[in-house]
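Trainee: Predicted model, plus sequence, below.
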Protein chains: 2
Amino acid sequence: MSDAAGHRVVIVGGGFGGLYAARQLGRAGMAVTLIDRRNFHLFQPLLYQVATGGLSPGDISAPLRSILKDDRNTRVLVGDVVDVDVAQRAVILHDDRRVAYDSLIVAVGMRYHYFGHEDWVQVTGSLKTVEDALDIRRRIFSAFESAEAEVDAGLRAAWLRFVMIGAGPTGVELAGAIAELKGSTLRGEFRGFDSPDAEVILLEGSARVLPPYPEVLSQRARTSLEKLGVQVRTGAMVRRIDAGSVVIETTGGLEETIPTHTVLWAAGMKTTPLADQLAQRLGVEQDRQGRLIVDPQLQPPGHPDVYIIGDMAHRSQDGVALPGIAPVAMQQGQYVAREIGRRVLGSGTQPFRYVDKGQMAVIGRNAAVCDLKHVRFGGWLAWVTWLLVHIAYLIGYDNRLRVLAEWAWSYFTRKRGARLITGEPPPQQPRILP
Amino acid sequence: MSDAAGHRVVIVGGGFGGLYAARQLGRAGMAVTLIDRRNFHLFQPLLYQVATGGLSPGDISAPLRSILKDDRNTRVLVGDVVDVDVAQRAVILHDDRRVAYDSLIVAVGMRYHYFGHEDWVQVTGSLKTVEDALDIRRRIFSAFESAEAEVDAGLRAAWLRFVMIGAGPTGVELAGAIAELKGSTLRGEFRGFDSPDAEVILLEGSARVLPPYPEVLSQRARTSLEKLGVQVRTGAMVRRIDAGSVVIETTGGLEETIPTHTVLWAAGMKTTPLADQLAQRLGVEQDRQGRLIVDPQLQPPGHPDVYIIGDMAHRSQDGVALPGIAPVAMQQGQYVAREIGRRVLGSGTQPFRYVDKGQMAVIGRNAAVCDLKHVRFGGWLAWVTWLLVHIAYLIGYDNRLRVLAEWAWSYFTRKRGARLITGEPPPQQPRILP
């Protein structure tokens, strides 16, 4: 082992796990290289706000270089890691560049998965990247425009029907935000229909919304969603999706067709191709979602110089796999940085232990659910808690102030200013207007 | 003539001209239809701030529907007008929808023009739409990333050389903003080079920057630009542009090759295809840039129900053609609305007269030039004046507050938070790192 200053740590991925590891390691004076495909850190918990016009992408992201600017031994590379040479200890980029490491931290997250229905990618929006969010924003606001241009009431209703698939936190947040859009933000802006007449349908295959949360909070979330005007349908399995409808099978085994042009997918995650390749290179087991099963030091067995953290790591604690959420990734990033420090100094090792501070999900203006360690609550207090906790974790002081100001403004005015339909041309509008 | 309430006015284009006409007409209770390809009004004078990471698109745009929400007789259509049926008095949309009018206002602006070098579109960025601005943002920040990945000093220098073509207001604003980026915002963020070593070159074919301004202000602007580190080269004609260089011919007739990967085009505007088609339909003369030559009522001769306003209209006043700037378009929009009112009420007609309140251009933090009617000044005072005037004209109260807050923040911190490289993947990085 070399000393701390000479120790080269390569971190793949600038999400919560990678960034928290980098900041911690930067302070220890190690030679850190953070590699990401993007030049910015994205605050994913607020991505649904971009998708629904409440915030701009710039509000919830910060340039990786700015964040790590003062760690003079840390460099940021924008590039696509395609492979890892485990024997030679180097990561390989898309252009064959190799970056050597003494310790490697991989934290590349997950992506949406369609359970073998890869054709659904074309007709649904999903929410993982900034581009995804802008695509959803385009779909939502274009649908309202198409409805305004449509004279046939039945066809218009299909444009005004929004279907979310999957009632995890993302599906619930999207459904709540679209319900607020149609119910208050857009009210009075159209001439061919009243925006509150739009329908928001949240489909969930299991028996309740927010399945990983305690049942009492699921019930509270459902009540809040319904109060906002969301049609919550649990026990509904999606069978087919095409450009004009979603076909579901309900618990009784009956098929039902829902005419809609806007389907948003928030069900099912899987690991990335890099994670799968890495699993093979390292000879490590994967779980059903492809996550790499790591030991108590967050390492693949037999590879003392490699750490796997964040959503792509499968680590059980007290018999339950840790969830793929930001707090787990942050704590793992900081743990791994300290662990590498201990190894370099030869001061032994400690297992990772996640300190659960609770989970939250936001349903809308004034409504959220919080499952803190010994207290569970919903409503306005939960919403404020959710807001403050999320803003506190926003990376970069200026973003925090800005987002708080935007939120305060949008809270009091119910406006959503960032409603631009950008990128693709608006969809073909169907027929002649009167 | 019908009465005011029944009078159908169709406005094509939601820029300054169209929007100011719509607001004025909305108050008069006419049946207004505003048609735009986009669902938002864009505050173009600040678009260069989006291109350089200072603001997000949502900060400088406002949904057309929100702006016109309270004018209950006004409707907004998002669609692409492809033709006008002058005889039947209807505009025709891309999907063959027809919208009938009693009065028609066309205000669709201009686009960049490459003087027969249409292949230059591929290798240069230009600044007209939100997508253009995000493309330029991607080009600029990707170039810095490519420089960081490049080990050869000569090749790196080409990545760090930014060339603006055309020293009108847009070219000057972009050059100033990039100079500030490299000189202060990005300082200390890269490990392979010092960002102030980047070069910003402003090329202008004529003898001075800001050619339409008084000579004393041109000189002041040039001094400010040079103080920021911009290389100003007047009398430089662009001969060739490719992916790796710009070839210019200087006044002596000598050719010179400037190696660069980032060329931004801000020279030469032309009318849109719709304007050209309309000119044909109306049998109206066009100037060299394609602008439609209108009479003192801003009408094509012989068409009392059609008005052409904004950048696409050629109207001379005191022997000089009015410039294609926002204040002209705004005043024309309001004038045309009043003129239609007068016609509907049968109370005669008045010619349009532009009240020139002056021109301004911003060069950077603390530097701008103002040519107000009887006073010309530069420096910090001009910069503050520019800032306040532009923010005052931002449509939508919340945008104004937000942009002012962002600006104050960015002024005191020199940060530019909205530096996301989005859309396209980053360009191929050239070679192996050490």
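Mentor: Thanks, I have it.

Trainee: Please report how far A:His374 lies from chain B.
Mentor: Per CB to the nearest CB, to the nearest Å, A:His374 is found 38 Å from chain B. Backbone N, C-alpha and C define where each C-beta goes, glycine included.

Trainee: Name the helix or strand for that residue, please.
Mentor: Following DSSP states H and E, there is no helix or strand that holds A:His374.

Trainee: Can you give me the neighbour number for it?
Mentor: Using other CB atoms under 10 Å in any protein chain shown, A:His374 has 5 other residues around it.

Trainee: Same check on A:Ile325?
Mentor: When neighbours are counted by other CB under 10 Å, A:Ile325 registers 18.

Trainee: ok, for it, nearest residue in space, not its chain neighbours?
Mentor: Spatial nearest neighbour of A:Ile325, chain neighbours left out: A:Gln359 (6.9 Å); criterion: CB to CB, 6 or more residues apart in numbering or on different chains.

Trainee: what does A:Glu226 give?
Mentor: A:Val232 (6.1 Å).

Trainee: ok so, going back, might you report the residue contacts of the residue nearest to A:Ile325?
Mentor: By CB atoms under 8 Å, 6 or more residues apart in numbering or on different chains, the contact list for A:Gln359 reads A:212-213, A:323, A:325, A:370-371.

Trainee: what separates it from A:Leu217, distance-wise?
Mentor: 9 Å (CB to CB, to the nearest Å).

Trainee: Common neighbours of those two, please.
Mentor: Taking CB under 8 Å, 6+ apart as the criterion, A:Gln359 and A:Leu217 both touch A:370-371.

Trainee: from memory A:Ile248 sits against A:Ile241, does it?
Mentor: No. With contact defined as CB atoms under 8 Å, A:Ile248 does not reach A:Ile241; the gap is 9.7 Å.

Trainee: What residues sit buried inside stretch A:343-356?
Mentor: Buried residues in stretch A:343-356, counted by 16 or more other CB atoms under 10 Å in any protein chain shown: A:343-344, A:352, A:356.

Trainee: What residues sit buried inside stretch A:173-189?
Mentor: Within stretch A:173-189, the residues that count as buried by 16+ other CB under 10 Å are A:173-186, A:189.

Trainee: Nearest to chain B among those?
Mentor: Of all the buried residues of stretch A:173-189, chain B sits closest to A:Glu189, with 4.0 Å by CB to the nearest CB.

Trainee: so how many other residues sit close to the residue nearest to A:Glu226?
Mentor: A total of 21 residues lie near A:Val232 under the criterion other CB under 10 Å.

Trainee: Quick one: residues contacting it.
Mentor: A:Val232 sits in contact with A:167, A:202, A:204, A:209, A:222, A:225-226, where contact means CB under 8 Å, 6+ apart.

Trainee: swap in A:Leu186?
Mentor: Taking CB under 8 Å, 6+ apart, one finds A:144, A:195, B:65 in contact with A:Leu186.

Trainee: Would you mind measuring from it to B:Val246?
Mentor: According to CB to CB, A:Leu186 and B:Val246 sit 47 Å apart.

Trainee: hang on, A:Lys128 packs against A:Val121?
Mentor: No. With contact defined as CB under 8 Å, A:Lys128 and A:Val121 do not form a contacting pair (11.8 Å).

Trainee: the helices in the stretch 1-150 of chain A, which residues?
Mentor: Ranges of helices in the stretch 1-150 of chain A, per DSSP state H, counting those that start in this stretch, are A:16-27, A:47-51, A:64-67, A:120-123, A:130-149.

Trainee: Serialize those to JSON lines and add fields for mean pLDDT, distance to chain B and mean neighbour count.
Mentor: Formatted as JSON lines, these follow (pLDDT from 0 to 100; distance: least, CB to the nearest CB, whole Å; neighbours: other CB atoms under 10 Å in any protein chain shown):
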{"stretch": "helix A:16-27", "mean pLDDT": "93", "distance to chain B": "13", "mean neighbour count": "25"}
{"stretch": "helix A:47-51", "mean pLDDT": "92", "distance to chain B": "9", "mean neighbour count": "26"}
{"stretch": "helix A:64-67", "mean pLDDT": "90", "distance to chain B": "4", "mean neighbour count": "24"}
{"stretch": "helix A:120-123", "mean pLDDT": "85", "distance to chain B": "18", "mean neighbour count": "14"}
{"stretch": "helix A:130-149", "mean pLDDT": "94", "distance to chain B": "4", "mean neighbour count": "22"}
